[in-house]
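Peer 1: have a look at this fold, sequence not included:
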């Protein structure tokens, strides 16, 4: 079931620049989806539209079946977000900042706030002024704020930007914990491909406002079988493989059709007088997928 639906979003800025061009995708309940693309591709515009901060020219976003554009209050009740740089009242403590935030909706549950603060590992510093917080601590406070009061879906806009490797790992483990133990649905916008590959089930790739890809993160794929062929006869190998229904890219990566076994392709290559130097399983990386999609005209 889709918890968040992005439907035919089109947005052109007053300058005439087309920010989004008929973009549609969905985020399923309980999954982590990565939103990928170069700077200016349209990722943050999608986030802004989802949060009701930007109005699309065409299309809508639905959260739990409610349209952000037609029922903003009802839709946004179901969502928490870290969007752009987290901003706090530096002269207040972390706890006081959370209280101010919650007062905007009239909600406050001290036991629940303590639980969330402990979960994001801020219990020791929560009574300190946020002016003393490191960047990593501010991101954890922003996450605590986004988790109050108990959203169904969490939007994260470059949440690990500026964190050191240890901070990135801690944040990743926290996000995976939220999905595993609380069933939280998450849409993540990040340029760190390695982090997306470790965290996300599926990804959407945006280029110049257009959706180029929507599907499983390569490490999560269960159906595609890829093999690396090394041979000095790439041209001949491509001809032989084409006759079997298999495909091979310029790097010698072969996708085996589901109706065939890998050893059948090796036999066909040998019968076709192709010298097979090596033939070994290949797991496509997110970087390969992203570079292939983003380089397309």
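Peer 2: Thanks, I have it. Everything numeric in this text was worked out from a predicted model, so none of it was measured.

Peer 1: quick one: low-confidence parts of this protein?
Peer 2: For the chain, the stretches with pLDDT under 70 are 219-224, 293-297.

Peer 1: quick one: the helices in it?
Peer 2: Ranges of helices in the chain, per DSSP state H, are 43-50, 72-76, 94-103, 110-119, 135-146, 165-182, 193-199, 234-244, 262-271, 286-294.

Peer 1: dump those to a markdown table, plus mean neighbour count.
Peer 2: For glycine as for every other residue, the C-beta is placed from the backbone atoms N, C-alpha and C. Below are these laid out as a markdown table (neighbours: other C-beta atoms under 10 Å):
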| stretch | mean neighbour count |
| --- | --- |
| helix 43-50 | 23 |
| helix 72-76 | 15 |
| helix 94-103 | 18 |
| helix 110-119 | 14 |
| helix 135-146 | 21 |
| helix 165-182 | 15 |
| helix 193-199 | 19 |
| helix 234-244 | 16 |
| helix 262-271 | 15 |
| helix 286-294 | 17 |
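
Peer 1: out of those, flag the one nearest residue 9.
Peer 2: The closest of these to residue 9 is helix 43-50. By C-beta to C-beta, the value is 6.1 Å.

Peer 1: give me the contacts around the closest one.
Peer 2: 4, 6, 9, 11, 19-20, 23, 35-37, 54-56, 61, 63, 68, 79, 81, 83-84, 155, 157, 187, 189, 206 (C-beta atoms under 8 Å, 6 or more residues apart in numbering).

Peer 1: and if we set it to 7 Å?
Peer 2: 6, 9, 11, 19-20, 23, 35, 37, 54, 56, 61, 68, 83, 155, 157, 189, 206 (C-beta atoms under 7 Å, 6 or more residues apart in numbering).

Peer 1: what about the closest residue to residue 177 other than its chain neighbours, distance to residue 38?
Peer 2: Spatial nearest neighbour of residue 177, chain neighbours left out: residue 119 (7.8 Å); criterion: C-beta to C-beta, 6 or more residues apart in numbering. Relative to residue 38, residue 119 is positioned 33 Å away (C-beta to C-beta, to the nearest Å).

Peer 1: residue 127 too?
Peer 2: Counting by C-beta to C-beta - residue 127 and residue 38 are separated by 41 Å.

Peer 1: who has more neighbours out of the two?
Peer 2: It is residue 38, of residue 127 and residue 38, that has more neighbours when counted by other C-beta atoms under 10 Å, with 14 against 11.

Peer 1: contact partners for the most centrally placed residue in the chain?
Peer 2: Compute the mean C-alpha point of the chain, and by C-alpha atoms, centre = their mean the closest residue is residue 34, 1.0 Å away. Neighbour list for residue 34: 188, 190, 196, 200, 203, 217 [criterion: C-beta under 7 Å, 6+ apart].

Peer 1: go on, residue 188?
Peer 2: By C-beta under 7 Å, 6+ apart, the contact set of residue 188 is 32-35, 156, 196, 199-200.

Peer 1: just curious, which of those is nearest to residue 179?
Peer 2: For the contacts of residue 188, the nearest to residue 179 is residue 32 (5.8 Å; C-beta to C-beta).

Peer 1: number of residues surrounding the closest one?
Peer 2: By other C-beta under 10 Å, neighbour count at residue 32 equals 24.

Peer 1: touching, it and residue 196? I think so.
Peer 2: No. With contact defined as C-beta atoms under 7 Å, residue 32 does not count as touching residue 196 (9.0 Å).

Peer 1: pretty sure residue 20 contacts residue 13?
Peer 2: No. Applying C-beta under 7 Å, one finds residue 20 not in contact with residue 13, separated by 10.1 Å.

Peer 1: what residues are bridge-paired with residue 278?
Peer 2: residue 230 (DSSP bridges).

Peer 1: the closest residue to residue 129 other than its chain neighbours: how many residues sit nearby?
Peer 2: The shortest distance from residue 129 to any non-neighbouring residue, by C-beta to C-beta, 6+ apart, is to residue 93 (5.6 Å). By the measure other C-beta under 10 Å, the count of residues near residue 93 is 19.

Peer 1: surely residue 93 and residue 127 touch.
Peer 2: Yes. At 5.1 Å, residue 93 counts as touching residue 127 under the criterion of C-beta under 7 Å.

Peer 1: could you dump the helices of the chain to CSV with distance to residue 253?
Peer 2: Output for the helices of the chain, formatted as CSV (distance: least, C-beta to C-beta, whole Å):
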stretch, distance to residue 253
helix 43-50, 28
helix 72-76, 42
helix 94-103, 49
helix 110-119, 42
helix 135-146, 37
helix 165-182, 28
helix 193-199, 17
helix 234-244, 11
helix 262-271, 13
helix 286-294, 8
